[in-house]
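S.K.: structure for this input, please:
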Amino acid sequence: MDVMRNKKVVIFAIVFLLIVIFLSPTVINGYVEINKANNAWNVKDYATASASFAHAAELLRWRKDLWEKAGIAASANGDPSKAIDFLERASTLSEQGWEALGYSYFTADNVPAAVKTYQQGLQIYDSPSLYRLLALAFRNQKDWAAEREALENQLRLDQKDASAHYRLGLLLSVLDPERSLPELMLASSLDTQFDEAVQTLRAALNVSSSDTDSSAQMVAIGRGLGLVQEWELSLVAFQKATELNAENAGAWAWLGEAKQQAGEDGRVELDKAVSIDPKSVIVRALRGLYWNRQKKHREMLAEYLLAAQYEPQNPAWQASIGDAYIKLGDLVSAFDAYQHATELAPNESTYWRLLATFCAENNVHIEDTGLPAAQKAVELSPTDPAALDVLGFSYFSSGRYANAARTFLSVIKLAPEYFPAHIHMAMNYLAQGNRPAALSELTYVRDGDKGGPDGALAEQLLEQYFP
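M.R.: As a prediction, this is how the structure comes out:
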């Protein structure tokens, strides 16, 4: 009987102790904080969620999982320092925890630590998401071979990621060109947003494969990458081209262009190119671009004059000469150059459009040359929004506002997001005193092309006419 009584006393004491523990203010407050954190997470209030999970972790010291939750919430809130602090306190991390810790290091500009973190997580979890983030970190370090390996592992686990296939195809274009096209085509088949870029790269790869010179092959690939705005990899391709043939003037010139696109100067490479082949029109053209960016327009003009001298039947050089003369303020010479371009290519709409644009923008020869040139451009390319737009602008510049409005409306119907037509339509409305309609057009462009040149022009016009 005494033994039974003692057992009951012990059980009662244990139960009483447990009740005391779980009803203590510290424990109660801990679970209140957890509930608060979960509610905040559900409404995406990540700052509150992080703070509450961290407070709960301090109160409920045996709940090590709460530090991970606090860190993940801090990462979601864009606070990498707190995220790193909290996640490092967790005894173990889930796959999501490793992702958040690595990403926090990445956003804190500690990319080596991010790489190490992702690699540690991958020792536990064979995760496509971790491989994707690891590839991003290697891309930041410009470690292209390592990025390729990470992407291949990601796709081993997730074959449906179109972006990963596209990026792998880009990398392979400079690392292993023969394997590039299948990845690019698969990306295009999975997501049509890649169609246009893939077709451009496909053409470049085909040109490359048809050339027997390995340096020229890499130049073709580099130019294709540049056309799709992948200048970092384009630079790699051109660098390889110069290494394969140090006397390839075009490779040096394109390397200079790629360096400029990457924020470097590129002058050394362009000078190297012209020293190798001073009569190369490609070299002269790319040097012309360089001088234009430097706002040294006399030097720009000199380059294009030489290009035209070496290739007198190419209308593109005349158009570039016209552009240089405009920037030098010599409108007479510019007009002659644009006219010469149309004489060299009378069946190409582009040069008639450029001539018409010059006349309309500078208010010269609109009736006798500009308007007929715009009509010729539309005759040659009746569905080209740019050609139709310059016809409307020519009507506007000559005071034919009704004709201009009809033409701009036809452009907008054909290509609703061709923003120059909306800007010109707004100018046409302003000329007729229809301010509300002009305001609507300019607002549409400003909001539709945020960060773009048309959006910036629309913003400028809004400030000017609707302060």
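
S.K.: run through this protein and note the low-pLDDT ranges.
M.R.: Within the chain, the stretches with pLDDT under 70 are 1-33, 35, 37, 56-57.

S.K.: grab the nearest non-local neighbour of Q154.
M.R.: Counting by CB to CB, 6 or more residues apart in numbering, Q154 lies nearest to Y131, which is 3.8 Å off, once chain neighbours are set aside. Backbone N, C-alpha and C define where each C-beta goes, glycine included.

S.K.: you'd agree the one you found is up against R148?
M.R.: No - with contact defined as CB atoms under 8 Å, Y131 does not count as touching R148 (11.5 Å).

S.K.: where does L457 land in three-state SS?
M.R.: In terms of secondary structure, L457 is helix; the call rests on DSSP: H, G, I helix; E, B strand; the rest coil.

S.K.: give me the number of neighbouring residues for it.
M.R.: When neighbours are counted by other CB atoms under 10 Å, L457 registers 17.

S.K.: likewise for G392?
M.R.: Residue crowding around G392 was assessed by other CB under 10 Å; the count is 28.

S.K.: which strand or helix spans it?
M.R.: With elements taken from DSSP states H and E, the one containing G392 is helix 385-397.

S.K.: OK, contacts around the residue lying closest to V411 once chain neighbours are set aside?
M.R.: Using CB to CB, 6+ apart and skipping residues adjacent in sequence, the residue nearest V411 is A421, 3.9 Å away. Going by CB atoms under 8 Å, 6 or more residues apart in numbering, A421 touches P385, L388, D389, G392, F408, V411, I412, A415.

S.K.: nearest to N140, of these?
M.R.: Checking these against N140 by CB to CB gives A415 as the nearest, at 36.9 Å.

S.K.: need phi/psi at that closest one.
M.R.: Per-residue torsions, A415: phi -140, psi 80 (degrees, to the nearest 10).

S.K.: please apply the same query to S280.
M.R.: Backbone geometry at S280, expressed as degrees, to the nearest 10, gives phi -80, psi 120.

S.K.: from T117, how far out is K142?
M.R.: Using CB to CB, to the nearest Å, we find K142 at a distance of 19 Å from T117.

S.K.: and these two? which has more neighbours close in?
M.R.: Taking neighbours as other CB under 10 Å, K142 and T117 compare with T117 leading, 27 against 12.

S.K.: how about the nearest residue to that one, chain neighbours excluded?
M.R.: Using CB to CB, 6+ apart, the nearest residue to T117 is G102, at 3.9 Å.

S.K.: which element, helix or strand, includes that neighbour?
M.R.: G102 is part of helix 95-107 when elements are defined by DSSP H and E.

S.K.: circling back: chain center to the following helix or strand past the helix holding G392: distance?
M.R.: Helices and strands here follow DSSP H and E; after helix 385-397, the next one along the chain is helix 401-414. Averaging C-alpha coordinates over helix 401-414 and over its chain gives two centres that are 32 Å apart (CA atoms, centre = their mean, to the nearest Å).

S.K.: same check on stretch 384-394?
M.R.: 28 Å.

S.K.: name the residues that touch it?
M.R.: With contact meaning CB under 8 Å, 6+ apart, stretch 384-394 is reached by 349, 352-353, 356-357, 359-360, 366, 370-371, 374-375, 377-378, 380-382, 403-405, 407-408, 410-411, 414-415, 418, 420-421, 424-425, 428.

S.K.: related to what we said a few turns ago, CA atoms only: put the helix holding G392 into PDB for me.
M.R.: What follows is helix 385-397 as a C-alpha-only set of coordinates in PDB (Å, rounded to 0.1, in the frame of the first residue of the first chain):
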ATOM      1  CA  PRO A 385       4.900  50.700 -87.800                       C
ATOM      2  CA  ALA A 386       8.100  52.800 -88.100                       C
ATOM      3  CA  ALA A 387       7.400  53.700 -91.700                       C
ATOM      4  CA  LEU A 388       3.800  54.500 -91.000                       C
ATOM      5  CA  ASP A 389       4.700  56.600 -88.000                       C
ATOM      6  CA  VAL A 390       7.200  58.700 -90.000                       C
ATOM      7  CA  LEU A 391       4.500  59.300 -92.600                       C
ATOM      8  CA  GLY A 392       2.200  60.500 -89.800                       C
ATOM      9  CA  PHE A 393       5.000  62.700 -88.400                       C
ATOM     10  CA  SER A 394       5.600  64.200 -91.800                       C
ATOM     11  CA  TYR A 395       1.900  65.100 -92.100                       C
ATOM     12  CA  PHE A 396       2.100  66.600 -88.600                       C
ATOM     13  CA  SER A 397       5.300  68.600 -89.400                       C
END
